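Undergrad: Got a sequence here, can you build the structure:
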Amino acid sequence: MALAVASSGIAAKVFNSIDTVLNEVEAVNYPTEFSNLLDSPGMPPHVLTLKVGVPIIVLRNLNPPQLCNGTRLTVNSMMSNVIKATILNGKFKGDEVLLPRIPMIPVDVPFEFKRLQFPVRLAFAMSINKAQGQTLKECGLNLKNPCFSR
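TA: Take a look at the predicted model:
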């Protein structure tokens, strides 16, 4: 975990994941530096930079029905292995929760590796699929490309 100061003056924390290849034989072919570069849609990034107040989205079911995949939160505080956040939408809106670092194994890569990271991504923008079923007070749409046609 590193500390960076952004242009707004608010300190940002950088959380690097811990990636390990599960098959020792494949560890020679897929070094840690390679797995750090992988950025799958359902996985958190290797380098996760967060500030207090940023919106995040949960990538895994942690504590259903309160903390499910797609739940949006705002960061209140950060420690090295726990994020304290407030739920922004749904039945549990306003509840404060703790998000731990958890091990995750992606299924869309040709080899098995484990990433130890917070199961969240920044949620300044989200796809149509992630927004489905959510109620938003304000919404901006980027319609440069046709999104509802093939």
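
Undergrad: Any stretches of this structure with poor pLDDT?
TA: Applying pLDDT under 70 to the chain flags the ranges 1-9, 148-150.

Undergrad: what about the strands in it?
TA: Assigned by DSSP state E, the chain shows strands spanning 2-5, 11-16, 18-21, 47-50, 55-58, 72-78, 82-87, 96-100, 102-104, 113-117, 120-122.

Undergrad: Out of the ones you listed, which gets nearest to N29?
TA: Comparison of the strands of the chain against N29 by C-beta to C-beta identifies strand 18-21 as nearest, at 8.6 Å. Backbone N, C-alpha and C define where each C-beta goes, glycine included.

Undergrad: Report the buried residues of that closest one.
TA: By neighbour count with 16 or more other C-beta atoms under 10 Å, strand 18-21 contains the buried residues D19, V21.

Undergrad: Ok, stretch 106-118 next?
TA: By 16+ other C-beta under 10 Å, the buried positions in stretch 106-118 come out as P106, F113, R115, Q117, F118.

Undergrad: Can you get me the start-to-end distance on it?
TA: Start and end residues of stretch 106-118 are separated by 14 Å (C-alpha to C-alpha, to the nearest Å).

Undergrad: ok, residues contacting that stretch?
TA: The contact list for stretch 106-118, computed with C-beta atoms under 8 Å, 6 or more residues apart in numbering, reads 15, 17-23, 26, 29-30, 35, 38, 40, 42-46, 48, 83, 99-105.

Undergrad: ditto for stretch 68-82
TA: Contacts of stretch 68-82 (C-beta under 8 Å, 6+ apart): 1, 13, 15, 50-62, 83-90, 96-101, 120, 123, 130, 133-134.

Undergrad: Isn't E96 up against I83?
TA: No - at 10.9 Å, E96 does not count as touching I83 under the criterion of C-beta atoms under 8 Å.

Undergrad: Those two: which is more packed in?
TA: Remark: of E96 and I83, I83 carries more neighbours, 23 against 11, as counted by other C-beta atoms under 10 Å.

Undergrad: for the more buried one, what are its contacts?
TA: With contact set as C-beta under 8 Å, 6+ apart, I83 has these partners: L50, I56, V75, S77, L98, L99, F118, V120.
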